[in-house]
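J.: Here is a sequence together with a model predicted from it:
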Amino acid sequence: MFVLVEMTDTVRIPPWQFERKLNDSIAEELNKKLANKVVYNVGLCICLYDITKLEDSYIFPGDGASHTKVHFRYVVFHPFLDEILIGQIKSCTPEGVHVSIGFFDDIVIPPESLQQPAKFDEAEQVWVWEYETEEGAHDLYMDIGEEIRFRVVDETFVDTSPTGPSSAEASTSNATEEVQKKEAPYTLVGSISEPGLGLLSWWTNS
């Protein structure tokens, strides 16, 4: 679920922080810059693990701050494919079941990856597993707030860094679309289409 990623960055330390230890100032600046941010094709940054190397610091003309190239390791949330995770159902829509694990909410289980046969209950706004038994079908509801065990089957990174519009016309037409449809920078796709996966209550209750 969590991995250590080696990174390199140049950190700017303002003059009023010179009285502090350099490592402490750099650690604070790195966490300000990276913590709770998604790095493209890397994952969700959590916190600094350690600093492995500090190169020479430089002060440039016209800027009283020091600039130091830093090599460091950062704790990143990036589950591997086929990893089993446990989260809570955040909401249900016709597009699937949306799951949260507390600090990360962009997890979706599409309809085709649910226990089958499944249907979406429009009135209750929840997905239902129509569990077949000898006595007939039993409806097992995927209620909001329930704990759910799922397998990570795919991931999607979206480059959300700003880009200049190709033309003035394109920028006006796309402006409203961007406001309405803001894509998450990092999304996990889950699956519960195998025995043992799904709501914990399905498999723990006698």
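T.: Thanks, I have it.

J.: And the chain, split by domain according to the record?
T.: 2-77, 83-159+180-202 (the TED database).

J.: Out of the ones you listed, which gets the lowest mean score?
T.: Across the domains of the chain, domain 83-159+180-202 has the smallest mean pLDDT, namely a mean of 88.

J.: how far out from the middle of the chain is that one?
T.: 16 Å (Cα atoms, centre = their mean, to the nearest Å).

J.: So for that domain, first residue to last residue, what's the gap.
T.: 20 Å (Cα to Cα, to the nearest Å).

J.: Check what pLDDT Thr172 gets.
T.: Per-residue pLDDT puts Thr172 at 50.

J.: would you turn the domains of the chain into TSV with mean neighbour count?
T.: For glycine as for every other residue, the C-beta is placed from the backbone atoms N, C-alpha and C. Formatted as TSV, the domains of the chain follow (neighbours: other Cβ atoms under 10 Å):
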stretch	mean neighbour count
domain 2-77	15
domain 83-159+180-202	16
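
J.: Give the pairing partners of the top strand by length along the chain; include direction for each.
T.: Secondary structure assigned by DSSP state E gives strand 43-59 as the longest strand of the chain. Strand 43-59 sits in its sheet next to strand 38-39 (antiparallel), strand 66-77 (antiparallel), going by DSSP bridges.

J.: Alpha carbons only: can I get it in PDB?
T.: This file holds the C-alpha atoms of strand 43-59, laid out as PDB (Å, rounded to 0.1, in the frame of the first residue of the first chain):
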ATOM      1  CA  GLY A  43       1.100   8.300  -6.200                       C
ATOM      2  CA  LEU A  44      -0.200  10.200  -3.300                       C
ATOM      3  CA  CYS A  45       2.600  11.700  -1.200                       C
ATOM      4  CA  ILE A  46       2.100  11.200   2.500                       C
ATOM      5  CA  CYS A  47       5.200  12.500   4.400                       C
ATOM      6  CA  LEU A  48       9.000  12.800   4.300                       C
ATOM      7  CA  TYR A  49      10.800   9.600   5.400                       C
ATOM      8  CA  ASP A  50      14.400  10.800   5.400                       C
ATOM      9  CA  ILE A  51      17.000  13.000   3.600                       C
ATOM     10  CA  THR A  52      19.700  10.900   2.000                       C
ATOM     11  CA  LYS A  53      22.000  13.700   0.600                       C
ATOM     12  CA  LEU A  54      22.400  17.400   0.700                       C
ATOM     13  CA  GLU A  55      24.400  19.100  -2.000                       C
ATOM     14  CA  ASP A  56      26.000  22.600  -1.700                       C
ATOM     15  CA  SER A  57      23.700  25.500  -1.000                       C
ATOM     16  CA  TYR A  58      23.800  28.600  -3.200                       C
ATOM     17  CA  ILE A  59      22.600  32.200  -2.900                       C
END
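
J.: Having no further points to raise, I will conclude here.
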